[in-house]
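Trainee: here you go, sequence then predicted model.
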Amino acid sequence: MDNPARRGICQGMAQDQDILIVGGGLNGPALALALAQSGFRVGVIDALPIDTRKDPGFDGRAYALALASKRLLAAVGVWARVADHAQPMLEIKVTDGRAGEGPSPWMMHFDHAEIEEGPMGFMVEDRHLRRAFLDAMADAPGITQYAGETVTAQTVDATGVTVTLASGRTLGASLLIGCDGRRSGTAERAGIRRTGWSYGQTAIVCAVAHEKPHGGIAHQFFMPNGPLAILPLTGNRSSIVWSETDERAAQCAAMSDAEFLEVLKPAFGSFLGDIRLEGARFIYPLNLTLANSFIADRLALVGDAAHGMHPIAGQGLNAGLRDIGALAEVLSEARSRGEDIGSPIVLARYQQWRRFDTATLALSTDAFNRLFSNDNPALRAIRDIGMGIVNALPGLRRGFVREAAGLTGDLPRLMR
């Protein structure tokens, strides 16, 4: 006979799902797939229609997926759908300097061969990754998508949580999970406050095609106003994430493609030959935002809803996927013990696992950005010497490679 308690369903409240997830970007679908694999009935509420999410129009955005994140995507059935579009990252080169003057002689160079576990990570374009998640959810039993719907209210009692949608429909579950970004309405409605600040920087994101092959090498060039990341895509193409001052980024956004290329070229350099824009440009104001708690009554936060950080290390999505692995593991183990998956004791295990790690990562990226995004001669000398020391010590260098690959810390089972 079916035992509702073991399935995480509380008596008393009519429940449409075991778990409701708000947010259909990347973290929400990844979590839904991980939970469905463990036998949970999951509902994903997304403000955008599925056709909008699947729009194949090339927008230039891409994600750096660490090796550990690739393992999670493989475990939930997504990696096979994007593998042909994934570009392995074989090396990372970190340099310091000024646009038009070239990098300083000091640099950090990390090679995947130092960890003997394959590439450090993979670059996958947004257009391929989103479609793969949507297709995987459509094929997965136990997942219901509520596309084109927004949550207007959420209430909690001893037996579960109920959300009201803009359409007037209500849904019930044992647990509500917010995957709805840095301005999480789920967190706000639960009374969870945030700590953070603006960097006065805006990321300019686009893609370029170039004459010469990139060799699977990712470049991070630190300049006084912010870093320029040149990340390898399939073919002779690279993704650009350029952090500039808000004012300068707004000026760049208003430029024609030809004008923008003339501004980009001195910073990009000529090492890949002539470059041209491929697709649209996007701008994203940069800030640090940490939820003061990752949990509330019958509620948990994941990804940017819990922690939004500077893209300087490309760890935003990877940190969210770690949240997903940890939360899926905590909930699956709780259900196997017959516990209420929405209980404070169960959710506290998730917070204890992830909060310190993500706060440390967010503050580390904050400190790194402040150290490098300036033209102070004393700080420039300190950071260049520091890069030289790291590059000269194999043990330190290997530690950085393992960190970039997401292989350090307490890894969830889905990432091992």
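Mentor: Arrived safely, thanks for sending.
Trainee: and residue 203, how close does it get to residue 100?
Mentor: Counting by Cβ to Cβ, to the nearest Å, the gap between residue 203 and residue 100 amounts to 21 Å. For every residue, glycine as well, the C-beta is placed using N, CA and C.
Trainee: the two: who's more crowded?
Mentor: Neighbours per residue (other Cβ atoms under 10 Å) separate residue 203 from residue 100, with residue 203 holding more: 22 against 10.
Trainee: which elements pack onto the helix or strand hosting residue 92?
Mentor: For residue 92, the element it lies in under DSSP states H and E is strand 91-98. Secondary structure elements in contact with strand 91-98, counted by 3 or more Cβ pairs under 8 Å, 6 or more residues apart in numbering; DSSP states H and E, are strand 102-111, strand 217-223, helix 377-392.
Trainee: switch to 6 Å and redo it
Mentor: For strand 91-98, the helices and strands in contact under the criterion 3 or more Cβ pairs under 6 Å, 6 or more residues apart in numbering; DSSP states H and E are strand 102-111, strand 217-223.
Trainee: can you give me the helices for this protein?
Mentor: 27-37, 50-53, 67-75, 79-82, 126-139, 185-189, 246-254, 257-268, 316-336, 344-372, 377-392, 394-404 (DSSP state H).
Trainee: quick one: contacts of the first one?
Mentor: With Cβ atoms under 6 Å, 6 or more residues apart in numbering as the contact definition, helix 27-37 has outside contacts at 19, 21, 42, 44, 76, 133, 136-137, 140, 142-143, 179, 302-303, 320, 324, 328.
Trainee: again with stretch 70-85
Mentor: Residues outside stretch 70-85 that contact it (Cβ under 6 Å, 6+ apart) are 33-34, 122, 124, 128-129, 132, 136, 321, 325, 414-415.
Trainee: what do you get for stretch 192-199?
Mentor: Residues outside stretch 192-199 that contact it (Cβ under 6 Å, 6+ apart) are 286-293, 296.
Trainee: over to stretch 155-168?
Mentor: Residues lying outside stretch 155-168 but in contact with it, judged by Cβ under 6 Å, 6+ apart, are 10, 12-13, 15, 149-154, 170-174, 176, 297-298.
Trainee: related to what we said a few turns ago, which of the contacts of stretch 70-85 lies closest to residue 365?
Mentor: Within the contacts of stretch 70-85, the smallest distance to residue 365 is 16.5 Å, found for residue 321 (Cβ to Cβ).
Trainee: quick one: that closest one and residue 68 touch, right?
Mentor: No: using Cβ atoms under 6 Å, residue 321 is not in contact with residue 68, being 7.9 Å away.
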